[in-house]
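J.: After the sequence you'll find the predicted model.
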Amino acid sequence: MTGPYKVRETRQYTEVIYYNADGTEASRDTMLDDQSYDAEPPEPMTDEEIEDWL
């Protein structure tokens, strides 16, 4: 991924981890839920997410 991206991991809670373009973690957003572990592939961040989180 060449620009900022995010990875959504689902465990006993959902934590969205936001990364800068160089792969450095910038922020996390955690939500409680009852799901098993799952990880979605990286996806580009929207302009609004970049403005809010990076």
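T.: In hand now; what should we look at?

J.: What is the subsequent helix or strand relative to the helix or strand bottoming out on mean pLDDT in the chain?
T.: Among the helices and strands of the chain, strand 38-39 carries the lowest confidence by mean pLDDT, DSSP states H and E, at a mean of 68. Sequence-wise, the next helix or strand downstream of strand 38-39 (DSSP states H and E) is strand 43-44.

J.: Show me what that following strand pairs with in its sheet, parallel or antiparallel.
T.: Strand pairing for strand 43-44, using DSSP bridges, gives strand 5-10 (antiparallel).

J.: Output the contacting helices and strands for the following helix or strand past the partner strand.
T.: Counting by DSSP H and E, the next helix or strand C-terminal to strand 5-10 is strand 13-19. Packed against strand 13-19 by the contact rule (3 or more Cβ pairs under 8 Å, 6 or more residues apart in numbering; DSSP states H and E) you find strand 5-10, strand 25-32. For every residue, glycine as well, the C-beta is placed using N, CA and C.

J.: Of those strands, which is nearest residue 16?
T.: For those, the distance to residue 16 is smallest for strand 25-32, at 4.5 Å, taking Cβ to Cβ.

J.: Just the buried residues of the closest one, please?
T.: Of all the residues in strand 25-32, not one is buried under the rule 16 or more other Cβ atoms under 10 Å.
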